[in-house]
Structures are given as structure tokens and as C-alpha cells.
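Peer 1: Please find the sequence and the predicted model below.
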Amino acid sequence: MSEYFGIVACFIIAGAIAGGMVVLASVLGKKTPSLAKSEPFECGEMPFSLPGGKLAIKFYLTAILFILFDVEVVFLYPWAVIYREIGMVGLVEMGVFLGILLVGYIYAWSNKALDW
Amino acid sequence: MTPVPITDVALLVPELILIGMALALLLVASRIREAGLATAGTVLAAALAAVLTIWLMPQSSVSGFSEMITIDGYSQFFKVLIASALGLTALLSVKRVDVKFVRPAEYHALLLLAAAGMMFAVSSLDLMTLYLGLELTTLCSYVLVGITVDKPDSNEAAIKYFLLGSFASALFLYGMALIYGATGATDFQTIALVLSESGLGSDPLFVAGAGLLTAGLAFKIAAVPFHAWAPDAYEGAHAPVAAFLATASKAAGLAALGRVCWAVFKTPSNQLQLDKLLPEVSMVLVGLAALSIIVGSIIALAQTNMKRLLAYSSIAHAGYALLGFISGTDAGAVATMTYAFLYVFMTLGAFGIVIALEDRGETLDGYQGLAVQRPKTAALMLLFLLSLTGIPPTAGFMAKFVVILNVVQEGYYALAILAVACSVITAFVYLRVAVLMYMKESPVAAAADPDETLSSRLPLAVSAALAVAALVTVIGGVFPGVLTSWAVAP
């Protein structure tokens, strides 16, 4: 366990510095609160509000399809890195993989999942 | 890193056939409206997979994909069993799958993929591939349970099954991680080697990992106390899906458990004594089996829904099937394999009758007076019920007899007495249905329903599936040696 000591010490020191700054600023700092200062900073959205309005369920399907294909395509990157080493076998395997992906795409298409 | 030789793909031919058919069905899913076509494709793929599994079987066991996948007698036995269960389930699905909302091609594609996952799991020699196979199966099962989207019950069952199932998968995965932490390996051979050098008790990390792994697998076979999902999932699911879960899924879980027990948790053999299961692992299995038999048998008494009754029956049967593994000998493993095989056919038969009777078959009351109205269906149901009880001329008796014999030979007398005693309780459960069929009048007069004679003619596919199930149930009881000689311990 001794090899983890350094990393634990690092966490403690980092936490102490960050926490210390916040505590010191709130203790020592001069406070002149005003309405404008108490509002959420810069981003322009109210931090607490009830969800309003309706969101089309179609977004859900689009998002799911995007995640599916996006995550699967991520597998192309490691393949591209070692492409020269695995050669023809790798090419065929990636072809099979993309073929299966394509079946999913055609399935989504023929079921009108891509229509808006 | 050396690439896997392309010839290793030959090890996965049955799985590839199922996956290929599933992809083909998905491609035409929006065009197929007839259930028959998708069923034919599924049955064809299942038959081809079963035949090729037998035909491509090498003389001795072969492994590939960096020792992750094997084909040996054990995996071959279960692959044929899973393919048969898939084919029969597809045939039984003809009757009701073409309801609104369910596309037959999608339904059958999911069945095919689930079966491919099971085949993958039973032939894996590595925790990674085992998990991959089981997860493919359960992911498809979640969707299959909820596939009748128009029924609220089905959705509820799917959500319950999904929540508990993903929890069990997480346990399994965590167990894998702990075992990897303790041994530095995920393949069974290396884990067994590390275990034989250091012993089970020496590393708490490994014990915790093995416990979590067992819990995950016990969930798959619905052994008490990991059974809670089964009755709800079976009740809410479309009847053929429930049949598939109760049979193929359970057989695959048993196969995976047996593989892990035999490949990892065996004491090293020496000249004086044969290798056996580690006593600690045996004790865990004894607990699971005893609880499953007791709880499954007793709670089944209180059921009024036929699918729930069969669910508790399947829980009890999981307990009986475990008895063979508990004995720890290869003969015991063969006994469990035989039990799993016969159990699959008799349970598919019983579910087949539920499917054949449609809404009437779902509740116990629906069986009142069945013998008068539909004598052949009632007679078949009686055969399956007798077999599930374990009455002599049927397969159920032989299966039960052999597993109990194996635990007796290894000195687990209390467990054997418990098993026999609970067998008497289950006799009451199953024979209650027989009494309803043969000794009660139907509350609805037969003549009151003019369509009765019309609707009582079963589709050819359902009749064929029932005939196969009945045939195996009879043959398994009369010639028990056929299966025993074919089953090979892992």
C-alpha cells in the first residue's frame, strides 16, 4: 500500500489548498451583497426553474441512433492504428463489423427511424 | 500481439448461422408480415446449427481465439439442446406471435441472437467470453419479455426483469474484476492454476469474487434466493418467451455454472482420490439447491396462474439439476446435463399446452374439464405433468432418480431425503392440474362455445413441437441410456 502514499498526500494537499482559498476568501474578504451580485453569474439561465414546454419524442430516437452509431464507429480508431500489423485479416474483420453496423442502419432506415 | 488465425472462425459455425439468420431477418423485418416465414427461417437456422454442431465435432476438444472458446463434448451437448429449444420455441410462437405491434421477424431475430449468446457462453473458457455470451442472451431476453408492448403486464415484467437482471450482471462483472485482481487472469485454466497453488481461503478477494460470480450465475438459473424475477417475468411475458426463458436460458446458465465449477473449482487430482469440487463450493451449491427445491415446491402450491406455477416449478427443477453438480463427480455432471436436457423438453411441452389453450391456459381454472372438451390436449398435458412430477415411465423420473442417486453416492443423505420429500409436495402441485382436467366439470359448457371445435385444432407447427417434446419425454424415460452415453462432463 505504501506506493499509494504519494497520491493520497497529493489529494490531501490539493484539497487543502483549494478548500483553504475558499474558506480564507469567505472569512477575510469584504462583503457588500447586492441584488445583481446574488444572481447567477454570467450564464444567463435561472438556476432553478420547473421544466416547461414539450420536447418531441423524436429527439430521443435520433439521440439513441446517434449514440449507437457514434460509439460503434469509435472502434475504427484502434483498428486504424494497428491496421498495418493485422493486415488482410483485420480488413476482413472490420468489413464484417461494418457490415453488421450497416444491417442496423438499414433496419433503422426501413423502419422510418430516420424520417422526421 | 498475434492475430487470431482465421481458421478459428470454424469453432463458431453454429453461432454464426444463428447470427446470420438474425441479421437476414432484420434486413427484411419491415416487409415480413407473416409469422410463418420468420418461423421457418428460425427453425431452419436452429436445425442447421444443431446438425453442424454434431457434424463438425472434432475427435477431441479443440480451443481457439487465444484459448477463449472451445468445442468439446460438453459444449456440443448444450449447443444441440439450445438449438432444439430455439426451434421448438419458434414453432410454438406461430400461434400468437402475429399480434398487433409485434413484428414476427424482429421477434425471431431476438430469439436467434439470444440462442447465439447462449451457445457462445456454453463454449467459453474465459470469464470475458462467458460474460459476453450471457449478456447477449439477457439483453435479448429483456426485449423479448417486453415485446408485447400493448400489454401493461408485459412492460412491467420487462422492467422488473431488466432492473434485477442488470443488477445480477453487475454482480457477475464485479466478481470477474475481483477474481482478476486476485489471480491476474480471466481464463479458467490460469485461475485454476493460481487457486491450486494458493488455496481458496488464502485470498479474501478471490472468495468475494467467486461468491459474486456464483450469485450472478444463480440469477441466470433462477435459483433461490436469486429467483424473485422469474415468476413475474414469466407471468408478464408472452407464453413462448416465458417457455424460452424457462428452458434454454436456464440450460445455458446451468452449463456455464458447470463449466466454471469444473474448470476452476476442482481440487487437484492425485492417485489416491479423483478430483472433486472444493468443499466450500459444494456447500454453496448445496445451499442454493436445498433452498430452490424447498421454496420452489412450496410456493408453487399457492399459485393460481399457470405460468407462475411453471415458474416456481422451474425454480424447484433448477435445484434438482444442481444436485448432480454437488456430487462433484463426472457422473454427477452427466446427471445434471441429462436432467437439463429432459427438463427442457418436458417444460417446453407444458408451456406448449399453455400456448395451445391461449387465454384459457393462463389460469388454473381454465383447465377444468379439459379432458372432456379436448381429450388429446389434456392427455399430452398429463404426460408433461407426470414427467415434471417424476412418475416412473416418464423422463422426469429417470432424470430425478439419477441426480438423487449421485448425491446419495457422495454421502449427502439429508439433501437426498429433502429432494425426495419435496418431490412429493410437487406431486400435489402438478397433479392438482391433472385433477382439474379429469375430475372437474368445465364451468363453461362445451356446447356454449360453437367455435370450440374450430379453435381447438392446433396449428401444425404447435402440434409438431408438442409431438417432439412428448417423444423426448417418453424416450428419455424408457431409454435413459441414450442421453447419458452422449453427455460428456466438462
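Peer 2: Right, received. Where do you want to start?
Peer 1: who's in contact with the most centrally placed residue in chain B?
Peer 2: The centroid of chain B falls nearest to B:Lys250 when counting by Cα atoms, centre = their mean (2.6 Å). Shown in contact with B:Lys250 (Cβ atoms under 8 Å, 6 or more residues apart in numbering or on different chains): B:Lys220, B:Ile221, B:Ala222, B:Ser314, B:Ala318, B:Ala340, B:Tyr343, B:Val344. Glycine gets a C-beta too; all of them are placed from N, C-alpha and C.
Peer 1: Quick check: which element contains the fourth one?
Peer 2: In other words, B:Ser314. Using DSSP states H and E, the element containing B:Ser314 is helix B:306-327.
Peer 1: Please, where are all the strands along the stretch 201-350 of chain B?
Peer 2: Using DSSP state E, counting those that start in this stretch, no strands are found in the stretch 201-350 of chain B.
Peer 1: so where's it uncertain?
Peer 2: Along the stretch 201-350 of chain B, the parts satisfying pLDDT under 70 run over B:267-275.
Peer 1: what do you get for chain A?
Peer 2: If you take pLDDT under 70 as the line, chain A has these spans: A:40-49, A:52.
Peer 1: Pick out the residue in it sitting closest to chain B.
Peer 2: A:Ser110 (4.4 Å; Cβ to the nearest Cβ).
Peer 1: quick one: that residue and B:Ala29 touch, right?
Peer 2: Yes: using Cβ atoms under 8 Å, A:Ser110 is in contact with B:Ala29, at 7.2 Å.
Peer 1: Which strands and helices lie in contact with the helix holding B:Ser314?
Peer 2: helix B:229-236, helix B:239-244, helix B:250-263, helix B:279-300, helix B:330-356, helix B:395-409, helix B:413-439 (3 or more Cβ pairs under 8 Å, 6 or more residues apart in numbering or on different chains; DSSP states H and E).
Peer 1: would you put the C-alpha positions of the third one in PDB?
Peer 2: Coordinates of the C-alpha atoms in helix B:250-263 are reproduced here as PDB (Å, rounded to 0.1, in the frame of the first residue of the first chain):
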ATOM      1  CA  LYS B 250     -31.800 -22.000 -17.700                       C
ATOM      2  CA  ALA B 251     -29.900 -24.700 -19.500                       C
ATOM      3  CA  ALA B 252     -27.300 -22.200 -20.600                       C
ATOM      4  CA  GLY B 253     -27.000 -20.900 -17.100                       C
ATOM      5  CA  LEU B 254     -26.500 -24.400 -15.700                       C
ATOM      6  CA  ALA B 255     -24.000 -25.100 -18.400                       C
ATOM      7  CA  ALA B 256     -22.000 -22.000 -17.600                       C
ATOM      8  CA  LEU B 257     -22.100 -22.800 -13.800                       C
ATOM      9  CA  GLY B 258     -21.000 -26.400 -14.500                       C
ATOM     10  CA  ARG B 259     -18.100 -25.200 -16.700                       C
ATOM     11  CA  VAL B 260     -16.900 -22.700 -14.100                       C
ATOM     12  CA  CYS B 261     -17.200 -25.300 -11.300                       C
ATOM     13  CA  TRP B 262     -15.400 -28.000 -13.300                       C
ATOM     14  CA  ALA B 263     -12.700 -25.800 -14.800                       C
END
